[in-house]
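Undergrad: A predicted structure for the sequence below; I have some questions about it.
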Amino acid sequence: MTPEEKTQALTCSPYFHLRLAIISGHDLVVMDRGGTSDPYVKIMQGGKLQHKTSSQKKTLNPAWNEEADIYIEDPFDPICLRVYDKDRVVSDDFMGQAEVDVSSFELERSHDIVLNLEHGDDPYLLRKLKKKRTLGTIIVRFTMLPLSEREYNQMMEEDETKPPDDNVFSNISSTILSSSKAITNMSAWGQESNSSDNERRAFVTRDRLIGIVHVVVVQAIHLKAMDNGINSDPYCKVSLGKDKQKTKTVNNTLNPKWKESLDLSWVDNGKEDILHFSLYDRNMAVKDDFLGSIHIDLTELTREVSHNIWRPVEDGLGFLNVIVTISGTDKTEKSQNNFLLGDAVKNQLLDKYRLANTSKKMKDVGFLIVRVVEAQGLRSADIGGTSDPFAVLELGNARVQTHTEQKTLDPTWEKVITFDIQDINEVLEVTVYDENKYRKYDFLGKILIPLTKVKNGERKWYKLKEKNLQKMARGNDPQILLEINLFWNPIRASMRTFNPKQEKYESKTESTFKFATFNKNLARVKAAVARLEREKTKKAIESIINWDSKVKSVCALIGFIFCVWNFQPWMIPFGLLIPLMKKIIYLSATGGWQALDDGEVAAYGSVDEEPDDKAGAFEQMQKIAFKVQEALGSLASFLESIKNVFNFSIPFLSWLGFVVLLLLTIVLYFLPVRILVIMWGTNKLTKKLFRPWASSNNEIADFLSRVPDDEEKATYRENIVKESTMKALETNRRNVVKDDGII
């Protein structure tokens, strides 16, 4: 074929048939502890996966000898070969990539080429290259043939009549566990997630619902200024096929934080696989200004996993941050369920999180496997006396839902869902909804399960509650059956506890003033202060000062002089250890570890600010009252959290506090205070110097933020207290507060 004929074929042919053989690899990089890797190759074009080879076990010189028939439209778009190391439990490791410009080779002729793998800007491979000059090579053979549209259609018809390839359904275990990360961080340049072939194929019939795409539009940064070159009023439109939604508008900012969640339906028609995000600047009188857009190919995302994605804004400035989860898909296959709940996986996870492996991947605290079995006694939300229930599971910012069971009050899902755990103090939220096609979903019940209270492998019925989590949900004693397997490393979890708590983007906090909330927070503060027995302590001190009892006053004077003379700093944490030791002894002697108090009530707080001068007088008063309400709630929450550390409401956190105080006592006993102060101050002052990415934080505040207050404990309680009992408790609490005010 002459060069002119080649150019004409490349530009005029609508399709091309690329016969590609992945022959072998040589001198690849080591990714596993045994000095080997389990390499396989992904064939990509334009960011889309075209084929994936099988993995070769424990070798750096794999021989794949696999062929693939690929049909492409644009021969000028290079073919990218990406090599990965297969891992069973964690995500697969990237080993390098190579690109082939097939348009530069002669058509209708076989070509054998050796490709040097490149790092692809991967930080780990860049470090590897400092020790190893090359990432290895792979050998491929390919032939490219031009196709007419008729020939292409004939090829497609032949492929449809062929029986499914066994490889599509092979390695189920590897597919599931490789996608088990609860939050998969994808880079701004579109790093691929680990999707298997069967996850990418068009499923069965046309226009069938593939799943529900849950999107959290979190934030954007450094957007283009459209209002006088200073600010913008940005909002985001999200579309998937015919399903279109948009966020609220955030005024006067180039770094908006929406934190809004949207649900879109993903329909299988071969055309609606791209999720579009378009940013606009709101204008009052003229057309809204376009700020840019991003596009996400859903076929490249692993299902049942929340992907935290940062992408650069196309045709504009800045970056957009979204969280995308594809769930609500078909029932999980029994083979997948049996594998995830089998002894082989459990043994691997136990080995991964045992104390001897603590130093590896310190941020990987644990792994959670939840089997959503069934529910019963749900209320009827539809006219026919039934419901269409599905369950939503949330852990931090990860959110996955089951498929919908139609027209039943006793659904059986048998769905296995996995999460990576970044903080053992997180709470698993399980909410059951009734699906509606043309209106908002109906709430059927909810439960909160703190991970610190989970018993590994326990299969248990949980009673569903109303939205406020204070009453039982409506229905015939509604319950949900869950089987939870939890694997975690206590040392990693302890270290994570003293770091800032991750913000939950979809949390809904109260933002208006309510007299009921104000009075409740005021009563909580009074009740917390009343427990300190101020009046009793004050009278005892006055009695000693007034020498009402000479013996008591003399003993107090001698004790005061003795304590001040012999005081050492280590005595402060030791004094705090005393109530903890008393509680430990009491719980051990009475066997009360299994019946720890579940507690009462709480709220959030905020910093007081000046009211808006432009607001009316009533609005100013309302803002001030709301700030006071929030401050009271914050103070009450703080006092209750301190109390709950010492009463072992959350044993893990109380034991952690005990160990820290004990270590602090020992350190203060042996080291002078001035040395510790110098060490502490040096660390605070030089943290940003040596670790610019580190965040300034208060370890004590971070620890207390993990301790639930009484209101949070009430939402975690499984058994709902009867209304009459609640009234009696409220009366007793009011009496305590009333007695505290007696002169």
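TA: Here it is on my side, so go on. Numbering: from 1, shown residues only.
Undergrad: so how far is Thr143 from the nearest residue to Phe76 once chain neighbours are set aside?
TA: Spatially, and ignoring its direct neighbours in sequence, Phe76 is nearest to Ser103 (5.0 Å; CB to CB, 6 or more residues apart in numbering). All C-beta atoms are positioned from the backbone trio N, CA, C, and that covers glycine. According to CB to CB, to the nearest Å, Ser103 and Thr143 sit 14 Å apart.
Undergrad: which residue, other than its chain neighbours, is closest to Asp315?
TA: Nearest to Asp315 is Gly292, by CB to CB, 6+ apart, at 4.9 Å.
Undergrad: buried residues of whatever helix or strand that neighbour lives in, list them for me.
TA: Counting by DSSP states H and E, the element that carries Gly292 is strand 289-297. By 16 or more other CB atoms under 10 Å, the buried positions in strand 289-297 come out as Asp289, Leu291, Gly292, Ser293, Ile294, Ile296, Asp297.
Undergrad: surely the second one is in contact with Arg282?
TA: The reference is to Leu291. No - checked against CB atoms under 8 Å, the pair Leu291 and Arg282 is beyond contact range at 10.4 Å.
Undergrad: who touches both of these two?
TA: Common contacts of Leu291 and Arg282 (CB atoms under 8 Å, 6 or more residues apart in numbering): Pro234.
Undergrad: Lys552 touches Ser543, doesn't it?
TA: Yes - with contact defined as CB under 8 Å, Lys552 counts as touching Ser543 (7.2 Å).
Undergrad: read off the pLDDT value for the residue of the chain positioned farthest from its centre.
TA: Most distant residue from the mean C-alpha position of the chain: Lys550, 63.2 Å away (CA atoms, centre = their mean). pLDDT, Lys550: 80.
Undergrad: that one: what's it in contact with?
TA: No contacts exist for Lys550 under CB under 8 Å, 6+ apart.
Undergrad: where's it relative to Ser543, distance?
TA: Taking CB to CB, one finds Lys550 at 11 Å from Ser543.
Undergrad: below-threshold pLDDT in the stretch 551-700 of the chain: ranges please.
TA: Applying pLDDT under 70 to the stretch 551-700 of the chain flags residues 592-624, 627, 674, 677, 681, 684-689, 692-696.
Undergrad: rerun at 80
TA: 560-561, 563-570, 587-588, 590-635, 672-699 (pLDDT under 80).
Undergrad: which parts of the stretch 501-650 of the chain are helices?
TA: 515-530, 534-545, 550-566, 571-590, 617-646 (DSSP state H, counting those that start in this stretch).
Undergrad: please apply the same query to the stretch 201-350 of the chain.
TA: 334-340, 343-352.
Undergrad: quick one: the strands in the stretch 301-450 of the chain?
TA: 306-312, 319-327, 366-378, 389-395, 398-401, 412-421, 427-434, 442-450 (DSSP state E, counting those that start in this stretch).
Undergrad: buried sites along the third one?
TA: In this case it means strand 366-378. For strand 366-378, by 16+ other CB under 10 Å, it's 366-378.
Undergrad: which residues of the stretch 151-300 of the chain score low on pLDDT?
TA: Checking the stretch 151-300 of the chain against pLDDT under 80 turns up 151-210, 268-272, 285.
Undergrad: what about the strands in it?
TA: So, for the stretch 151-300 of the chain - with DSSP E, counting those that start in this stretch - the strands run 183-186, 208-221, 234-240, 243-246, 257-268, 274-281, 289-297.
Undergrad: turn the ones you listed into TSV, columns for distance to Pro75.
TA: Listed next are the strands of the stretch 151-300 of the chain as TSV, based on distance: least, CB to CB, whole Å:
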stretch	distance to Pro75
strand 183-186	28
strand 208-221	30
strand 234-240	30
strand 243-246	34
strand 257-268	28
strand 274-281	22
strand 289-297	21
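Undergrad: so which of these is nearest Glu711?
TA: Closest to Glu711 of those is strand 257-268 (CB to CB; 22.4 Å).
Undergrad: and the closest one, what does it pack onto?
TA: Contact analysis of strand 257-268 by 3 or more CB pairs under 8 Å, 6 or more residues apart in numbering; DSSP states H and E lists strand 208-221, strand 234-240, strand 243-246 as its packing neighbours.
Undergrad: contacting residues around the last one?
TA: In other words, strand 243-246. Tyr235, Cys236, Lys237, Val238, Ser239, Leu262, Leu264, Ser265.
Undergrad: from the residues you listed, pick the one nearest Arg496.
TA: Leu262 (30.3 Å).
Undergrad: returning to that earlier point: show me what contacts the residue nearest to Asp315?
TA: Per CB under 8 Å, 6+ apart, neighbours of Gly292: Leu223, Lys224, Ser278, Leu279, Val313, Glu314, Asp315, Gly316, Leu317, Gly318.
Undergrad: return the set of residues that bridge with it.
TA: Using DSSP bridges, the bridge partners assigned to Gly292 are Leu279.
Undergrad: and Val213, by the same measure?
TA: Under the criterion used (DSSP bridges), Val213 bridges to Leu264, Ile326.
Undergrad: so how far is Leu320 from it?
TA: Counting by CB to CB, the gap from Val213 to Leu320 is 16 Å.
Undergrad: the two: who's more crowded?
TA: Leu320 (26 against 22; other CB atoms under 10 Å).
Undergrad: I figured the more buried one hits Val313, correct?
TA: Yes - applying CB under 8 Å, one finds Leu320 in contact with Val313, separated by 5.8 Å.
Undergrad: what do these two both touch?
TA: Ala220, Leu279, Ile294.
Undergrad: distance to Lys131 added to these, as TSV?
TA: As requested, these are exported to TSV (distance: CB to CB, whole Å):
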residue	distance to Lys131
Ala220	39
Leu279	43
Ile294	37
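Undergrad: where do the helices sit along the stretch 1-150 of the chain?
TA: With DSSP H, counting those that start in this stretch as the criterion, the stretch 1-150 of the chain has helices spanning 3-12, 123-131, 149-161.
Undergrad: show me what stretch 373-385 is in contact with.
TA: Here stretch 373-385 has contacts from 386-389, 391, 407, 409-414, 432, 434, 442, 444-445, 459, 464, 473-483, using CB under 8 Å, 6+ apart.
Undergrad: quick one: neighbours of Trp310, just the number.
TA: 18.
Undergrad: that one touches Phe319, doesn't it?
TA: Yes - between Trp310 and Phe319 there is a contact at 5.5 Å, judged by CB under 8 Å.
Undergrad: between the contacts of strand 243-246, which sits nearest Arg399?
TA: Of these, the one sitting nearest to Arg399 (CB to CB) turns out to be Leu262, at 12.0 Å.
Undergrad: how near is the closest one to Glu483?
TA: 31 Å.
Undergrad: give me the more crowded residue out of the two.
TA: Neighbour count, other CB under 10 Å: between Leu262 and Glu483, Leu262 has more, with 18 against 15.
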